[in-house]
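Asks: only geometry, no sequence info:
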């Protein structure tokens, strides 16, 4: 292939062009496989093959790193260090920009380029002309070449709202039958009309719907918005199976808060077939304007671009702020040192070099636990983390006490380089209020309802984790956080285990008075033995907390609850996960007072 003729004097290296072409070929292979996995999600949904769907979702997460390593290996095999001078690398980037003209995923391809370069080059090159520190190719107004654009537009004023809603659903052409689509459409119509209220329909009244369904767990989701004049009403319609293996429209979500929670950082990534991901991100941003683009890219499974976009946002925030990093509020952890920038809604977590008793773990094992969470269904109850290497911070922005603590507890990952502090390995996650602080504050204010809500959410979080085969290990309140939406989320992963790897036991009856008075167990305890009856000892010291815990979650203190949950998992049962309140479901029937009392 001839050299790009645009800059004949500037771009003179055939090697540079070949490298650029090889990197883009590597990305195109990655995104082709990424889209195939997303298309497979539809097939698994239509078959109701939940085990295969989970496997497919996990495997897709690793696609990016595999393709990057393939590309790096191919380049290192093909070219020697002597052939790739600084001038050649500069030309590689310029050729790459030229190749991205009319590309459908330029922002993703730029991130792939950066990943390949940073695997080959030393970190001192990260901020120069060799990589894309800022996007070079605009993603505005890109759309599909395919017959079907990124979203479809419907006009209810022409066809009527009910007929329009039916067209929206049937246009996705799902193969399984609906139990009663006309009934479900009527229920959706009723709620949407209530959302519109008494507004007069403007001439531009329309409904826009993204062309691909969003798949996650056992559900498929229609994502759209109603437009009436200058008002926009977002909505999401989940499609599920009933017990007879027929499809149903389960509800319609139009509360912006509930839609934001559906797309939360605490949930598994959606599987969506997108030729132009930036068009989907732009559409979703119109529904959730306060959610960062980085988080939207991540929840769509494009977590590497999410990381890159987040880091750009972070650097921008650093430039326009002046406060200092300091230790995050809460009880100091034994495994991590956690710090934060008060003006920035995230925390930074670094693994310590050594762990005092009773912690019995290693740095490698802690990383393994965090990786487990990355690949696992987070079921709305575990925070997603962004993992970085060699992060440079301005030394002047570190509180002296924090810098001293980092040097003391994690010296192997802290490096000083001029006016920068380099942290060799770091996790970043959304900042939340530690549950222990939240409960203490609620009690101090005399807000009994808030305290009860915290305990109800805490127990629900544990039960949701149990449903996806996760045992938190350390269940202290300090290891859970409360989001801005009042949801309790687990965020300390160094002791998590699979439920199926744990042995849930009842405490044996004491054999004699000496056993009963002993401060040590009189019975053998294996490594993964768990005694749920002991949970109350460290969870229920506060009488008010104990009252609400026993009211709502007393079953968590019984070995039978955990044993039954473990057996369901071993039997291959995949639990239903509803990322919205049960009472919003069309099939929801509230219990009568007698049943509730029972």
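Replies: It's in. None of these values were measured; they are calculated from a predicted model.
Asks: from here on, just use CA atoms for contacts and neighbour counts.
Replies: Noted.
Asks: where exactly do the helices run in the stretch 451-598 of the chain?
Replies: Using DSSP state H, counting those that start in this stretch, the helices found in the stretch 451-598 of the chain span residues 513-517, 535-539, 543-553, 559-570, 593-597.
Asks: that's a strand at residue 215, yeah?
Replies: Yes - assessed with DSSP: H, G, I helix; E, B strand; the rest coil, residue 215 lies in a strand.
Asks: contacts only, for the closest residue to residue 179 other than its chain neighbours.
Replies: In space, and not counting its chain neighbours, residue 179 is closest to residue 246: 5.2 Å by CA to CA, 6 or more residues apart in numbering. Contact analysis of residue 246 by CA atoms under 8 Å, 6 or more residues apart in numbering lists 176, 177, 178, 179.
Asks: for the helices of the stretch 451-598 of the chain, which one sits closest to residue 444?
Replies: Shortest separation from residue 444 across the helices of the stretch 451-598 of the chain is recorded for helix 543-553, at 12.2 Å, computed as CA to CA.
Asks: pick out the residue nearest the middle of the protein.
Replies: residue 265 (3.7 Å; CA atoms, centre = their mean).
Asks: quick check, that residue in contact with residue 301.
Replies: No - taking CA atoms under 8 Å as the definition, residue 265 is not a contact partner of residue 301, at 11.2 Å.
Asks: and of the contacts of residue 246, the nearest to residue 314?
Replies: Nearest to residue 314 among these, with distances taken as CA to CA, is residue 176, at 45.3 Å.
Asks: name the element that closest one belongs to?
Replies: Counting by DSSP states H and E, no helix or strand carries residue 176.
Asks: phi first, then psi, for it.
Replies: Backbone torsions of residue 176, given as degrees, to the nearest 10, read phi -70, psi 150.
Asks: begin at 75 from here
Replies: Let's use 75 as the start, then, which means that last one is residue 250.
Asks: that one - how many residues pack around it?
Replies: For residue 250, the tally of surrounding residues (other CA atoms under 10 Å) stands at 14.
Asks: the nearest residue to the residue nearest to the centre of the chain once chain neighbours are set aside: what's it in contact with?
Replies: Of all residues not flanking residue 339 in the chain, residue 458 sits nearest, at 5.7 Å (CA to CA, 6+ apart). Each residue near residue 458 by CA under 8 Å, 6+ apart is listed here: 339, 340, 341, 447, 448, 452, 503.
Asks: and the gap between residue 458 and residue 372?
Replies: Distance of residue 458 to residue 372, given as CA to CA, to the nearest Å: 10 Å.
Asks: please enumerate the shared neighbours of the two.
Replies: By CA under 8 Å, 6+ apart, no residue touches both residue 458 and residue 372.
Asks: could you report the neighbour count for residue 373?
Replies: The burial count for residue 373: 22, using other CA under 10 Å.
Asks: repeat for the one 10 residues further on
Replies: If you count neighbours by other CA under 10 Å, residue 383 ends up with 21.
Asks: quick check: it is in a helix.
Replies: Yes - assessed with three-state DSSP, residue 383 lies in a helix.
Asks: ok, it to residue 460 distance?
Replies: Residue 383 sits 11 Å away from residue 460, going by CA to CA.
Asks: quick one on the thing from earlier: for the residue nearest to residue 339, what are phi and psi?
Replies: Here residue 458 shows phi and psi, under degrees, to the nearest 10, equal to phi -70, psi 150.
Asks: same question for residue 207.
Replies: phi -70, psi -40.
Asks: name the nearest of the contacts of residue 458 relative to residue 289.
Replies: residue 341 (12.3 Å).
Asks: was I right about residue 295 contacting residue 323?
Replies: No - counting by CA under 8 Å, residue 295 stays clear of residue 323, with 9.4 Å between them.
Asks: bridging residues for residue 301?
Replies: Beta-bridge pairing of residue 301 under DSSP bridges involves residue 280, residue 306.
Asks: how many other residues sit next to it?
Replies: Residue 301, neighbours per other CA under 10 Å, totals 19.
Asks: so what's it up against?
Replies: For residue 301, the contacting residues are 278, 279, 280, 281, 282, 307, by CA under 8 Å, 6+ apart.
Asks: at 10 Å instead, please
Replies: 229, 270, 275, 276, 278, 279, 280, 281, 282, 307, 308 (CA atoms under 10 Å, 6 or more residues apart in numbering).
Asks: tell me the pLDDT of it.
Replies: Residue 301 is assigned 91 on the pLDDT scale.
Asks: what's the distance between it and residue 525?
Replies: 40 Å.
Asks: then residue 477?
Replies: Residue 477 is 36 Å from residue 525, by CA to CA.
Asks: looking at the two, which is more packed in?
Replies: Between residue 477 and residue 525, residue 525 has the larger neighbour count (other CA under 10 Å), namely 21 against 17.
Asks: on that earlier part again, how about a markdown table for the helices of the stretch 525-672 of the chain, with mean neighbour count, distance to residue 290 and mean pLDDT added?
Replies: Putting these into a markdown table (neighbours: other CA atoms under 10 Å; distance: least, CA to CA, whole Å; pLDDT from 0 to 100) gives the following:
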| stretch | mean neighbour count | distance to residue 290 | mean pLDDT |
| --- | --- | --- | --- |
| helix 587-591 | 11 | 50 | 72 |
| helix 609-613 | 13 | 33 | 92 |
| helix 617-627 | 16 | 28 | 96 |
| helix 633-644 | 16 | 19 | 96 |
| helix 667-671 | 8 | 31 | 43 |
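Asks: if we can go back for a sec, could you export the contacts of residue 301 as JSON lines, including distance to residue 359, pLDDT and neighbour count?
Replies: JSON lines is the format used below for these (distance: CA to CA, whole Å; pLDDT from 0 to 100; neighbours: other CA atoms under 10 Å):
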{"residue": "229", "distance to residue 359": "22", "pLDDT": "92", "neighbour count": "17"}
{"residue": "270", "distance to residue 359": "21", "pLDDT": "75", "neighbour count": "16"}
{"residue": "275", "distance to residue 359": "24", "pLDDT": "68", "neighbour count": "14"}
{"residue": "276", "distance to residue 359": "23", "pLDDT": "74", "neighbour count": "13"}
{"residue": "278", "distance to residue 359": "21", "pLDDT": "79", "neighbour count": "12"}
{"residue": "279", "distance to residue 359": "20", "pLDDT": "86", "neighbour count": "19"}
{"residue": "280", "distance to residue 359": "18", "pLDDT": "92", "neighbour count": "22"}
{"residue": "281", "distance to residue 359": "16", "pLDDT": "94", "neighbour count": "24"}
{"residue": "282", "distance to residue 359": "14", "pLDDT": "97", "neighbour count": "18"}
{"residue": "307", "distance to residue 359": "13", "pLDDT": "92", "neighbour count": "18"}
{"residue": "308", "distance to residue 359": "11", "pLDDT": "96", "neighbour count": "22"}
